[in-house]
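Engineer: below are the sequence and a predicted model; questions follow.
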Amino acid sequence: MAAMVAVIFLAGSSYALSGEDEFPVTIDHAFGQTVIETRPERVATVAWANHEVPLALGVVPVGFAAAGFGDEDGDGLLPWVKARLDELDADTPALFDEGDGIDFEAVAATQPDVILAAYSGLSQSDYDTLSMIAPVVAYPDSPWATDWREMIRMNAAGLGMAKEGEALIGRLEDEISDAAGEYPELTGKSAMFITHLDTTDLSVIRFYSANDARVKFFQELGLSLPQSVRDATKEGQFSGEVSAELIDRFEDVDIFVSYGTQELLDRLKADPLVARMPAVADGAVVLLGNDAVGTGANPTPLSISWVLDEYVAMLADAARKSE
């Protein structure tokens, strides 16, 4: 008798799972379809944070991308990743240097059975090259637009651990709900995530769009997404930019979040155009650094628990300053 096939749908993608996470597993994604014939024993990941899914589920990858941003001690591991490796009594696997893009030779050297990349910016060429090494779980729709739930679901499906992935999602949702519930002042406030501002030239305002995981996370914390950001979001793009001459479009933004220091805030307040933005005028600004909280503002399976309380408290403080 043929095995019964269950299909899980997620944001335009589907995972066809044979029986109870039996193999083969078929995963549809932006580049087509990947079939994983047997349960992978050697798991490699590329790009940001995909390794956190197997680690959270108790599987130690044979290799993953070294951390750049947020790696304060320079060992290539973010603190929550190091802590999880310690919990699993595991040595540090091979770390891929992705400063100049994916190191295909290093990935191949780990001899993986599957490569997880549900949250990534893979090009067609990247995907094709990786597929010559092992089956690849790519992103569902657009580069760098996969949220943390999709990352867990797709990567867990590639491991044959869909049920475990759903349980992990449930636990994290409970943590997020509990943390957000401590700060009712967030409800009804809107937030915008500004990025890559040039303090010597504020004529262009760059921001993460409604497609970005950082921005989606705001809504989980009780914040709303300003209509101005929705209107400025282009399909398939995780970021955007507008001329500072159009800053009045963002009058519906209550909280301004960005990476930067006091120097950036001083320049924003001194700029005749940007200073007109209500969030800047009110001082309702959250400045993130190259540290754990700044890194965890882009939520991932292991970082959420690590930085959640501190990050939500920072947002709540800004919310109280907004009029």
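Structural biologist: Yep, that arrived.
Engineer: averaged pLDDT, the longest strand anywhere in the chain. What do you get?
Structural biologist: Among all segments of the chain classified by DSSP state E, the strand with the greatest residue count is strand 22-29. This predicted structure assigns strand 22-29 an average pLDDT of 94.
Engineer: next structured bit after it?
Structural biologist: Scanning the chain past strand 22-29 towards its C-terminal end, the next helix or strand to appear is strand 32-36 (assignment: DSSP states H and E).
Engineer: which outside residues touch that next one?
Structural biologist: Counting by Cβ atoms under 8 Å, 6 or more residues apart in numbering, strand 32-36 makes contact with 23-27, 113-114, 131, 135-138, 158, 160, all of which sit outside it. Where you see a C-beta, it was placed from the backbone N, CA and C, and this is true even at glycine.
Engineer: can I have the buried ones of those as a ChimeraX selection?
Structural biologist: Those of the contacts of strand 32-36 that count as buried under 16 or more other Cβ atoms under 10 Å are selected in ChimeraX with:
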select :25,26,27,113,114,135,136,137,138,158,160
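Engineer: returning to that earlier point: how about the longest strand of the chain as CSV, C-alpha atoms only?
Structural biologist: Taking only C-alpha atoms (Å, rounded to 0.1, in the frame of the first residue of the first chain), the coordinates of strand 22-29 have been written out as CSV:
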residue,chain,number,x,y,z
GLU,A,22,9.3,9.5,7.1
PHE,A,23,11.4,9.9,4.0
PRO,A,24,11.6,11.0,1.3
VAL,A,25,10.7,14.6,2.3
THR,A,26,9.8,17.0,-0.5
ILE,A,27,10.2,20.8,0.1
ASP,A,28,9.0,23.5,-2.3
HIS,A,29,10.9,26.8,-2.3
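Engineer: and for residue 143, nearest residue in space, chain neighbours not counted?
Structural biologist: When the adjacent residues along the chain are set aside, residue 143 lies closest to residue 121, with 3.9 Å between them (Cβ to Cβ, 6 or more residues apart in numbering).
Engineer: touching, the one you found and residue 47? I think so.
Structural biologist: Yes - taking contact to mean Cβ atoms under 8 Å, the distance of 6.8 Å between residue 121 and residue 47 places them in contact.
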